[in-house]
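A.B. asks: Starting from these lines, generate the structure:
(one chain, ligands or ions: 1)
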Amino acid sequence: MRLRFTKMHGLGNDFVVLDGVGQAVELTPAQLRYLADRHFGVGCDQILLVEKAGRPDVDFRYRIFNADGGEVQQCGNGARCFVRFVHDKGLTSKREIRVETASGVIVPRLEADGQVTVDMGPPRFEPADIPFVADARAVTYVLDIGQPVELSALSMGNPHAVLETCNVDTAPVAEWGPLIEHHVRFPERVNVGFMQLVHRRAIKLRVFERGSGETLACGTGACAAAVAGMQRGLLEREVEVQTRGGRLTIRWDGEGHSVFMTGPAVTVFQGEIDIP
Ligand SMILES: N[C@@H](CCC[C@H](N)C(=O)O)C(=O)O
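C.D. replies: The predicted structure is shown next:
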């Protein structure tokens, strides 16, 4: 099967984006892993598949697959690239787009300066909604990974654990990331964020992503870390999140409100690939 693709990134979190409107795309997990492979395929953290809307109240549907071939519910940097992609391909001229994802409708908007703001919907904290095994909802939990670690647990449509660290550069991302990702108390696994407080309006963040490993940036991870910091009383309502790939602005007005994420989306190149 030969497929046209576009390589994109949001702050270095990179994507192979497939137009499922203009071409038929049906890929097995092994074929998705091949596409994502940095040596044998194109190489990316996630694959995004843009499809026609499946219902009348949305403009498109988009699906997200991690580098390990697993389909997931949400992707913040991907949502910004999705908007850039449908505009560049002439699939829509709307600046504000309603898009169906596996975890509900999100509403990204292309700004005049080329940045994209995404209404990511409200965060969810009930353990069953994350999902996370706990007796009751709490601001932080203690998880045993051979030693006790304190973390926030929440859903941005996908599951996130957020730990506070005094220095992201020396945080044990590669060691603790997989232990927490696969911990029995996260039955669908989890994305693991390591957040360093810079001041009340800025944090530094590294994220070990479920199904992809550490990425240069994670949009939903940035939303989750900002919300966790606000819930802990450490942050104001709007914060700058400094990732290894660049900066995002996150705004959240509190429980029941949507999280808004603003940042760039970049097209790198386009091509065709034969998939065995
Ligand atoms: N990079 C993404 C998140 C992609 C999905 C995640 N790895 C998961 O498994 O939930 C982002 O920018 O949010």
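
A.B. asks: C-alpha from now on. contacts and neighbour counts both.
C.D. replies: OK.

A.B. asks: Could you list the domains of the protein?
C.D. replies: 2-117+265-270, 127-254 (the TED database).

A.B. asks: Ignoring the adjacent residues along the chain, who's closest to residue 124?
C.D. replies: Closest residue to residue 124 apart from its sequence neighbours, by CA to CA, 6 or more residues apart in numbering: residue 155 at 5.0 Å.

A.B. asks: Contact partners for the one you found?
C.D. replies: Counting by CA atoms under 8 Å, 6 or more residues apart in numbering, residue 155 makes contact with 123, 124, 125, 129, 130, 131, 224.

A.B. asks: Please tell me how far it sits from residue 74.
C.D. replies: Applying CA to CA, to the nearest Å, the value for residue 155 to residue 74 is 10 Å.

A.B. asks: cool, and residue 6?
C.D. replies: With CA to CA as the criterion, residue 6 and residue 74 are 19 Å apart.

A.B. asks: Residue 85 now?
C.D. replies: 17 Å.

A.B. asks: Flag every residue of the protein that's near the ligand.
C.D. replies: Contacts of the chain with the ligand, taken as CA under 6 Å from any ligand atom, map to 66, 72, 74-78, 158, 209-212, 218-221.

A.B. asks: pLDDT value on the nearest residue to residue 168 once chain neighbours are set aside, please?
C.D. replies: Excluding the flanking residues, the one nearest residue 168 by CA to CA, 6+ apart is residue 196, at 5.9 Å. pLDDT for residue 196: 98.

A.B. asks: Touching, residue 196 and residue 171? I think so.
C.D. replies: No: applying CA atoms under 8 Å, one finds residue 196 not in contact with residue 171, separated by 9.4 Å.

A.B. asks: Overlap in contacts, those two.
C.D. replies: residue 165.

A.B. asks: Looking only at neighbour counts, state which of those two leads.
C.D. replies: Taking neighbours as other CA atoms under 10 Å, residue 196 and residue 171 compare with residue 196 leading, 23 against 17.

A.B. asks: Before I go, just wanted to say thanks for your time.
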